[in-house]
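Peer 1: Could you look at this predicted model? Sequence included:
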Protein chains: 2
Amino acid sequence: MKKVGLIGGVGPASTLDYYTGIIEGVREKADGEYPEVIILSINMAEIISYIEKDQWDSVILQLVRANEKLSAAGADFSAMAANTLHLVFNEVSMRSPIPMISIVDETCKYVKNSLYKRPLFIGTLFSMRNRLYSETMEKYGIASLLPSEEDQKKIHSLFFPNLENGIVIPEDKVKMLALLNNIIIEQDADSVILGCTELPLMIKPRDLPVPIFDTTEIHINSIVKRILSK
Amino acid sequence: MKKVGLIGGVGPASTLDYYTGIIEGVREKADGEYPEVIILSINMAEIISYIEKDQWDSVILQLVRANEKLSAAGADFSAMAANTLHLVFNEVSMRSPIPMISIVDETCKYVKNSLYKRPLFIGTLFSMRNRLYSETMEKYGIASLLPSEEDQKKIHSLFFPNLENGIVIPEDKVKMLALLNNIIIEQDADSVILGCTELPLMIKPRDLPVPIFDTTEIHINSIVKRILSK
């Protein structure tokens, strides 16, 4: 089995999801075997303060260092357990001593293989504003749709910060589904990408008229596959 | 802040408790700061198979290697997130490149500082049979009490394996408390040590006529203190 190094801590709840998902995924597919997993949980407060001050070089430096540490601890490849950090995926992976698996790239490949052509991307305001998935989607020949600026703000406020703490407010869910239904019709979307670890807590497979893609789940599955690859 | 390296995976559920407990503990005591935590989750199936074959040298070797990897990844000290592994704590820490914090030693110090003299130790059949806490308790001048061999088997069967999966069966809890009440009276115990991560799910602070000590909680607190030490 290959050893995964996980860059976690942004936030800790998502790190737990990845750890549990990887262990369960490998156990299911490899007859109860347990993989060796190395997690480096970084200082979230430090990273957020860099992002807020637009000091992306410092974010990149911290993530490159994290990869160096994971490599030193024996990781064969690594993954970042957070959508947001993927804004600097290319800069980090270029300088990393071990290969990295990107949640963006894995999701785009998955959408392409599932033959969907017009996915609507939703996530934190930060991810939507920065069009986190757009460039890679284009590379795969997929039109990545985004909510209007006004709707981006509404979507963000309907799940943040309550969902970060695992709390789904029923009224917010109703409002979110109504809003997404409108956007899906307006933009003729054929699927929805949930580009934030917490969104699948609120939006379930049959809540919308089109299929949803859970980026965390797709990422974890790709990690499990790589662990079990020859 | 000092960096902790956690040897986890035995089992994964306990590793999640440690990770969450350490992050929350540091945030509470250090004004919302996030510590850098490195977790090496080892292959539980491999370790259990060594233990079952009595190949303790292989267990020790794996744990020493885990410490070497954690040290290479930048950990300043380490801890094993499982009571059972502490049966070889001395052999491992002697060969580890970084200092280790023992759940057994921290618990014994805590019991001594709390001025209790006759704690009853309960845990898995394996930990009770091997008198995991007895030698260290003696070192601190404390009489460590153990259930009779017959009661050890009963205690083990009342929480294993259901509690491993997070399931508390009400009938088993009633039986467990009745049994412990009898042993406490018979042996004149002044406290109870819960020497297994899962036991605090079943046995709560006011369930017994004497105080209980949660070894995992004590261990996590010691780790948090060390992270925040100068």
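Peer 2: Received the coordinates, thanks.
Peer 1: Grab the most central residue of chain A for me.
Peer 2: Residue closest to the mean C-alpha point of chain A, counted by C-alpha atoms, centre = their mean, is residue A:83 at 3.6 Å.
Peer 1: Need the pLDDT of that one.
Peer 2: Predicted confidence (pLDDT) for residue A:83: 93.
Peer 1: now swap in the one 10 residues further on and tell me
Peer 2: Looking at residue A:93, its pLDDT reads 98.
Peer 1: just how off-centre is stretch A:43-60 within its chain?
Peer 2: In terms of C-alpha atoms, centre = their mean, to the nearest Å, the centre of stretch A:43-60 is set 18 Å apart from its chain centre.
Peer 1: can you check stretch A:72-80 too?
Peer 2: The mean C-alpha position of stretch A:72-80 is separated from the chain mean by 18 Å, C-alpha atoms, centre = their mean.
Peer 1: quick one: the residue nearest to the centre of chain A and residue A:193, what's the gap?
Peer 2: Residue A:83 is 10 Å from residue A:193, where distance means C-beta to C-beta, to the nearest Å. C-beta here means a position set from N, CA and C on the backbone, and glycine is covered the same way.
Peer 1: Could you do residue A:5 as well?
Peer 2: Here residue A:5 is placed at a distance of 26 Å from residue A:193 (C-beta to C-beta).
Peer 1: Residue A:168 now?
Peer 2: 19 Å.
Peer 1: Those two: which has the busier surroundings?
Peer 2: The neighbour count for residue A:168 versus residue A:193, taken as other C-beta atoms under 10 Å in any protein chain shown, is higher for residue A:193 (28 against 14).
Peer 1: Helix, strand, or coil at the more buried one?
Peer 2: Under DSSP: H, G, I helix; E, B strand; the rest coil, the three-state class of residue A:193 is strand.
Peer 1: now swap in residue A:78 and tell me
Peer 2: Under three-state DSSP, residue A:78 falls in the strand class.
Peer 1: That one: neighbour count?
Peer 2: The number of residues packed around residue A:78, counting by other C-beta under 10 Å, is 27.
Peer 1: Then residue A:197?
Peer 2: 27.
Peer 1: Tell me if I'm right that it and residue A:216 touch.
Peer 2: Yes. Contact criterion C-beta atoms under 8 Å: residue A:197 and residue A:216 qualify, at 5.0 Å.
Peer 1: so what's in contact with these two at the same time?
Peer 2: Residues within reach of residue A:197 and of residue A:216 at once, by C-beta atoms under 8 Å, 6 or more residues apart in numbering or on different chains, are A:14, A:17.
Peer 1: hey, what's in contact with both of residue A:83 and residue A:193?
Peer 2: Common contacts of residue A:83 and residue A:193, defined by C-beta under 8 Å, 6+ apart, comprise A:123, A:215.
Peer 1: Now do the domain split for chain A, please.
Peer 2: A:4-101, A:104-215 (automatic domain parsing).
Peer 1: Next, the distance between the ends of the shortest one.
Peer 2: Read that as domain A:4-101. By C-alpha to C-alpha, to the nearest Å, the extent of domain A:4-101 from end to end equals 10 Å.
Peer 1: on that earlier part again, right, and the residue nearest to the centre of chain A touches residue A:198 too?
Peer 2: No. Assessed by C-beta under 8 Å, residue A:83 is found out of contact with residue A:198, at 10.2 Å.
Peer 1: how far away is residue A:56 from residue A:50?
Peer 2: For residue A:56, the distance to residue A:50 - C-beta to C-beta - is 7 Å.
Peer 1: Looking at the two, which one has more neighbours?
Peer 2: For residue A:56 versus residue A:50, neighbours defined as other C-beta under 10 Å are more numerous around residue A:50 (17 against 13).
Peer 1: Ok, which of the domains of chain A comes nearest residue B:38?
Peer 2: domain A:4-101 (5.4 Å; C-beta to C-beta).
Peer 1: Wondering if that closest one reaches chain B at all.
Peer 2: Yes. Domain A:4-101 reaches chain B (C-beta under 8 Å from any C-beta of the partner chain) through A:9, A:12, A:15-16, A:19-20, A:23, A:32-46, A:69-70, A:72-74.
Peer 1: Where do the strands of chain A begin and end?
Peer 2: Taking DSSP state E to define them, one finds strands in chain A at A:4-8, A:37-41, A:77-80, A:100-101, A:119-122, A:191-194, A:212-214.
Peer 1: I'd like to know how far residue A:215 sits from chain B.
Peer 2: For residue A:215, the distance to chain B equals 22 Å [C-beta to the nearest C-beta, to the nearest Å].
Peer 1: er, residue A:144 actually
Peer 2: Distance of residue A:144 to chain B, given as C-beta to the nearest C-beta: 32 Å.
Peer 1: swap in residue A:191?
Peer 2: Using C-beta to the nearest C-beta, one obtains 32 Å as the distance from residue A:191 to chain B.
Peer 1: For chain A, identify the residue most remote from the centre.
Peer 2: Farthest-from-centroid check, chain A (C-alpha atoms, centre = their mean): residue A:31, 27.4 Å.
Peer 1: Phi, psi for the residue lying closest to residue A:177 once chain neighbours are set aside please.
Peer 2: Spatial nearest neighbour of residue A:177, excluding adjacent residues (C-beta to C-beta, 6 or more residues apart in numbering or on different chains): residue A:207 at 5.6 Å. Here is the backbone geometry of residue A:207 (degrees, to the nearest 10): phi -80, psi -20.
Peer 1: Any idea how many residues pack against residue A:207?
Peer 2: 14.
Peer 1: Same question for residue A:95.
Peer 2: Neighbours of residue A:95 under the rule other C-beta under 10 Å: 14.
Peer 1: Check residue A:200 too.
Peer 2: Residues near residue A:200, counting by other C-beta under 10 Å, number 18.
Peer 1: Return the residues in contact with the closest residue in space to it that isn't next to it in sequence.
Peer 2: Nearest residue to residue A:200 in three dimensions, chain neighbours excluded: residue A:214, at 4.8 Å (C-beta to C-beta, 6+ apart). By C-beta under 8 Å, 6+ apart, the contact list for residue A:214 reads A:194, A:199-200.
Peer 1: Can you tell me which of the residues you listed is nearest chain B?
Peer 2: residue A:200 (18.8 Å; C-beta to the nearest C-beta).
Peer 1: Who are the contact partners of residue A:169?
Peer 2: Neighbours of residue A:169 in contact, by C-beta under 8 Å, 6+ apart: residue A:162.
Peer 1: I'd like to know how far it sits from chain B.
Peer 2: With distances taken as C-beta to the nearest C-beta, residue A:169 is found 23 Å from chain B.
Peer 1: Great, nothing more from me.
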